[in-house]
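Student: with the input below, show me the fold.
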Amino acid sequence: MKILIIGGTRFLGRYLVESALNRNHEVTLFNRGQSNSDLYPDIEQIHGDRDGELDKLNGHTWDAVIDTCGYYPRIVSASAKFLSDKVKHYIFISSISVYADLSKPGVNENSPVGTMDDATIEEITEDSYGPLKALCEQVVEKQFPDTNLVIRPGLIVGPHDLSDRFSYWIHRINKGGKVLAPEPKDYNVQYIDVRDLSDWIIRMIENKLIGTFNGIGPNHKLTMLDFLNKCREILNSETEFVWVNQQFLEENKVENWTDLPIWIIEKKYAGMMLTSCAKAFTNGLIFRPLEDTIKDTFNYCQTRPKDYQWKAGLSAEREAELLNKWNTGK
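Tutor: Okay, here's the model as predicted:
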């Protein structure tokens with residue numbers, strides 16, 4: 001198959017390229033050439049800004065397009081309209097953030113999505129991200145009513161992750177010592193290895209599947225305790241977890257999702273890590289062992305410079321301060 005990827009050189013995009021090439025597909029990239037421009041010298045790359053330079057795609061046709069970086073409905077609408085006679089299958093990478101209510105478990109593909117009063121806003125915030133993604137989905141569905149595939153991933157992890165949410169725990173546990181861990185221990189953890197997600201999407205394209213699918217796992221219960229213990233086991237780390245309760249964390253203004261990544265118990269997001277993915281599981285989504293994801297992420301983190309500034313997680317100083325407060329009650 002001939003596949004056009006809008007983006008294709010960062011995290012999910014680069015693994016979609018690798019998955020497609022591994023399955024002997026012909027890949028074309030369309031991006032601005034600003035990120036990892038030295039990747040994939042042997043495949044066709046068309047450099048241009050999707051906001052105003054789509055004409056650079058004239059003269060080409062593809063079996064499918066994967067839109068990895070659509071955030072604003074105006075821009076996604078322009079891309080979908082322009083490609084309507086050039087591609088047969090439009091795949092849009094969305095997010096579980098589209099759902100209007102993530103406060104309860106079991107959100108599925110039929111659950112209501114978020115809305116916003118002004119659909120012309122082009123600024124990503126905590127409140128606008130999800131509704132904007134939902135609007136992008138809708139413009140794709142309008143232009144490709146019978147041939148669109150919408151993927152709504154949750155937390156994507158693995159090598160080359162730019163968010164550091166998963167990587168923080170691996171990095172921190174590898175350092176050893178006393179590690180501040182958030183209660184409850186049975187907090188449910190959901191994630192998807194970027195390589196599993198990419199392979200699944202390419203298989204979906206091969207099978208010409210359409211519709212909307214949540215994309216996250218694993219396909220069994222994984223608790224915070226299980227996850228952290230597995231990290232410690234795989235890294236052979238001399239680590240002691242100090243489990244701290246929610247009240248203490250809130251009183252000390254420890255931020256959900258950022259200071260302690262993966263953990264998010266703010267009421268409006270209480271069901272975020274309990275999203276239903278039954279539809280994906282019955283349509284071929286499979287997962288590699290957690291230990292493989294931990295090992296490969298650790299190996300990637302080891303390639304970073306020593307002065308790398310982590311984008312998520314507690315600093316060593318802040319963690320030490322919190323542990324001292326917890327231990328002394330002061």
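Student: grab the nearest non-local neighbour of Thr115.
Tutor: Closest residue to Thr115 apart from its sequence neighbours, by C-beta to C-beta, 6 or more residues apart in numbering: Pro131 at 5.7 Å. Heads up, the C-betas are built off the backbone N, CA and C, glycines and all.
Student: same question, Glu291
Tutor: With sequence-adjacent residues excluded and distances taken as C-beta to C-beta, 6+ apart, Glu291 is closest to Ile234, at 5.0 Å.
Student: could you measure from Asn256 over to Gly106?
Tutor: 20 Å (C-beta to C-beta, to the nearest Å).
Student: compare the two and say which is more crowded by neighbours.
Tutor: Ranked by neighbour count (other C-beta atoms under 10 Å), Asn256 and Gly106 place Asn256 first, with 18 against 10.
Student: in this structure, which spans are helices?
Tutor: Taking DSSP state H to define them, one finds helices in the chain at 12-22, 73-83, 129-143, 165-175, 194-206, 224-235, 246-251, 278-281, 290-301, 316-328.
Student: closest one to Ser37 among those helices?
Tutor: Ser37 lies closest to helix 12-22 among the helices of the chain, at 12.1 Å (C-beta to C-beta).
Student: what sits against the residue most central in space within the chain?
Tutor: Geometric centre of the chain, nearest residue: Ile156, 3.2 Å, by C-alpha atoms, centre = their mean. Shown in contact with Ile156 (C-beta atoms under 8 Å, 6 or more residues apart in numbering): Phe11, Leu12, Tyr191, Ile192, Val194, Leu197.
Student: distance to Glu137, neighbour count and pLDDT for these - can I get that in a markdown table?
Tutor: Listed next are the contacts of Ile156 as a markdown table, based on distance: C-beta to C-beta, whole Å; neighbours: other C-beta atoms under 10 Å; pLDDT from 0 to 100:
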| residue | distance to Glu137 | neighbour count | pLDDT |
| --- | --- | --- | --- |
| Phe11 | 20 | 21 | 97 |
| Leu12 | 17 | 25 | 98 |
| Tyr191 | 22 | 24 | 98 |
| Ile192 | 19 | 25 | 98 |
| Val194 | 21 | 24 | 98 |
| Leu197 | 17 | 27 | 98 |
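Student: need the helices of the chain in JSON lines with distance to Pro218, can you?
Tutor: Formatted as JSON lines, the helices of the chain follow (distance: least, C-beta to C-beta, whole Å):
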{"stretch": "helix 12-22", "distance to Pro218": "18"}
{"stretch": "helix 73-83", "distance to Pro218": "30"}
{"stretch": "helix 129-143", "distance to Pro218": "23"}
{"stretch": "helix 165-175", "distance to Pro218": "13"}
{"stretch": "helix 194-206", "distance to Pro218": "9"}
{"stretch": "helix 224-235", "distance to Pro218": "10"}
{"stretch": "helix 246-251", "distance to Pro218": "24"}
{"stretch": "helix 278-281", "distance to Pro218": "10"}
{"stretch": "helix 290-301", "distance to Pro218": "7"}
{"stretch": "helix 316-328", "distance to Pro218": "28"}
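Student: which one of the ones you listed lies nearest to Pro261?
Tutor: Taking the helices of the chain one by one with C-beta to C-beta, helix 165-175 is closest: 3.6 Å.
Student: tell me how this protein divides into domains.
Tutor: For the chain, the structural domains run 2-153, 165-189+221-272+290-325, going by automatic domain parsing.
Student: just send the ones you listed back as TSV, with distance to Ile201 too.
Tutor: Below are these laid out as TSV (distance: least, C-beta to C-beta, whole Å):
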stretch	distance to Ile201
domain 2-153	6
domain 165-189+221-272+290-325	17
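Student: so which of these is nearest Phe281?
Tutor: Among these, domain 2-153 comes nearest to Phe281, with 11.9 Å by C-beta to C-beta.
Student: ends of the closest one, how far apart?
Tutor: End-to-end span of domain 2-153 (C-alpha to C-alpha, to the nearest Å): 24 Å.
Student: Tyr269 contacts Asp101, correct?
Tutor: No. Tyr269 is beyond contact range of Asp101, at 10.1 Å (criterion: C-beta atoms under 8 Å).
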